[in-house]
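Enquirer: Got a sequence here, can you model it:
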Amino acid sequence: MREVKKHLLLSLIFILLLGCSDSKIAKPETEGEKLQVLYSTAMDLVKKRDFVDAAVLFEDIERQYPYSKWSNQAQLMTAFCYFKSQMYDDSLNALDRFIALYPGNNKISYAYYLRALNYFEQISDVERDQSMTEKSKMAFIELVNKYPNSEFADDAYDKIDIINDRLAAKEIEIARYYQFSFQWISAINRYNKILELYGTSVYVEESLHRLVEIYHSLGLDEEAKRYASTLGYNFPNSDWYNLSYVLLNDKSKS
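Expert: Down below sits the predicted model:
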């Protein structure tokens with residue numbers, strides 16, 4: 001279907017060019033002029049938000065003129081258009097080619113950023129498999145490690161925080177299940193995993209309190225106090241700290 005659309009688009013452009021032959025408007029003669037017409041047509045489609053048709057033309061530019069100055073930009077625009085069309089696999093394929101062929105391009109950081117966004121937009125609900133979430137996180141981390149001063153770094157860090165919250169949400173869901181099923185060791189491991197891997201997530205406070213609860217239930221007062229102290233030091237105004245404080249004070253009174 002994509003090949004059919006490509007041929008239809010190219011045929012339409014060809015017909016329009018022929019239509020100019022009897023007029024005073026000059027038609028493109030050189031390869032460079034023809035390429036510029038194709039690129040301008042594709043960009044017009046982008047402005048009209050006709051991203052799929054634009055991607056087809058950009059791909060054709062890349063294919064017909066692989067050594068032109070327009071080729072690498074067309075490849076990046078192909079990836080962008082497929083991304084906007086939610087055709088993520090096609091966008092990722094184009095980006096992988098761009099990154100492999102043009103590692104020194106001045107827009108390479110954008111290619112890494114767009115690749116991470118492709119994964120980010122495919123993140124599923126917390127209840128579902130989070131493999132795409134992990135891929136997105138790794139892609140954003142790769143971006144900030146390779147290009148820490150790029151214009152996309154700040155947004156990448158923000159996205160990593162969002163991703164950590166999502167991954168931590170999945171972990172705390174499992175940890176609560178273990179805790180309330182009295183599977184203490186499994187619950188402890190899950191809560192500690194949140195503290196170790198997702199230290200900036202919104203679930204850190206709850207994880208610390210849940211560990212206080214578990215060790216309190218097991219009669220391990222020193223461990224409970226250690227986690228409560230960490231919670232109070234880092235989050236002195238937290239509702240979770242107030243719960244831990246009340247819990248330990250009730251323990252001492254009893």
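
Enquirer: Any regions of the protein where pLDDT drops low?
Expert: In the predicted model of the chain, residues 1-32, 125-129, 251-254 satisfy pLDDT under 70.

Enquirer: And the spatially most central residue of it, how far from residue 131?
Expert: Nearest to the mean C-alpha position of the chain, by Cα atoms, centre = their mean, lies residue 120 at 2.7 Å. Separation of residue 120 from residue 131 (Cβ to Cβ, to the nearest Å) stands at 13 Å. (Each C-beta comes from the backbone N, C-alpha and C, glycine too.)

Enquirer: got it, and residue 71?
Expert: Residue 71 is 33 Å from residue 131, by Cβ to Cβ.

Enquirer: Pull out the buried positions in stretch 227-246.
Expert: Buried residues in stretch 227-246, counted by 16 or more other Cβ atoms under 10 Å: 227, 228, 230, 231, 232, 238, 240, 241, 243, 244.

Enquirer: Identify the farthest-apart pair in these.
Expert: Farthest apart among the buried residues of stretch 227-246 by Cβ to Cβ are 230 and 243. That separation is 14.5 Å.

Enquirer: Tell me the spacing between the residue lying closest to the residue nearest to the centre of the chain once chain neighbours are set aside and residue 160.
Expert: Excluding its sequence neighbours, the residue lying closest to residue 120 (Cβ to Cβ, 6 or more residues apart in numbering) is residue 136, at 4.4 Å. Shown here: residue 136 relative to residue 160, a distance of 9 Å by Cβ to Cβ.

Enquirer: now swap in residue 201 and tell me
Expert: Distance of residue 201 to residue 160, given as Cβ to Cβ: 11 Å.

Enquirer: More neighbours: which of these two?
Expert: Neighbours were counted for residue 201 and for residue 160 using other Cβ atoms under 10 Å; residue 201 has more, 23 against 19.

Enquirer: Would you mind measuring from the more buried one to residue 168?
Expert: Between residue 201 and residue 168 the distance is 4 Å, computed by Cβ to Cβ.

Enquirer: Find residues that contact each of those two.
Expert: residue 194 (Cβ atoms under 8 Å, 6 or more residues apart in numbering).

Enquirer: For stretch 39-57, list every residue counted as buried.
Expert: 39, 41, 42, 45, 46, 50, 51, 53, 54, 55, 56, 57.

Enquirer: so can I have TSV of those residues showing distance to residue 221 and secondary structure?
Expert: Shown next, in TSV, are those (distance: Cβ to Cβ, whole Å; DSSP: H, G, I helix; E, B strand; the rest coil):
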residue	distance to residue 221	secondary structure
39	72	helix
41	74	helix
42	69	helix
45	69	helix
46	65	helix
50	67	coil
51	61	helix
53	69	helix
54	66	helix
55	63	helix
56	68	helix
57	70	helix
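
Enquirer: With distance to residue 115 as new columns, can these be given to me in CSV?
Expert: Output for the buried residues of stretch 39-57, formatted as CSV (distance: Cβ to Cβ, whole Å):
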residue, distance to residue 115
39, 23
41, 27
42, 21
45, 23
46, 19
50, 23
51, 17
53, 23
54, 19
55, 16
56, 21
57, 22
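
Enquirer: tell me which of the residues you listed is nearest to residue 95?
Expert: Using Cβ to Cβ, residue 55 comes nearest to residue 95 of these, at 12.6 Å.

Enquirer: Excluding covalently adjacent residues, which one is nearest to the closest one?
Expert: Nearest non-adjacent residue to residue 55, counting by Cβ to Cβ, 6+ apart: residue 81, 3.7 Å away.

Enquirer: pretty sure the one you found contacts residue 58?
Expert: Yes - using Cβ atoms under 8 Å, residue 81 makes contact with residue 58 at a distance of 6.5 Å.

Enquirer: I'm done for today, thanks for sticking with me.
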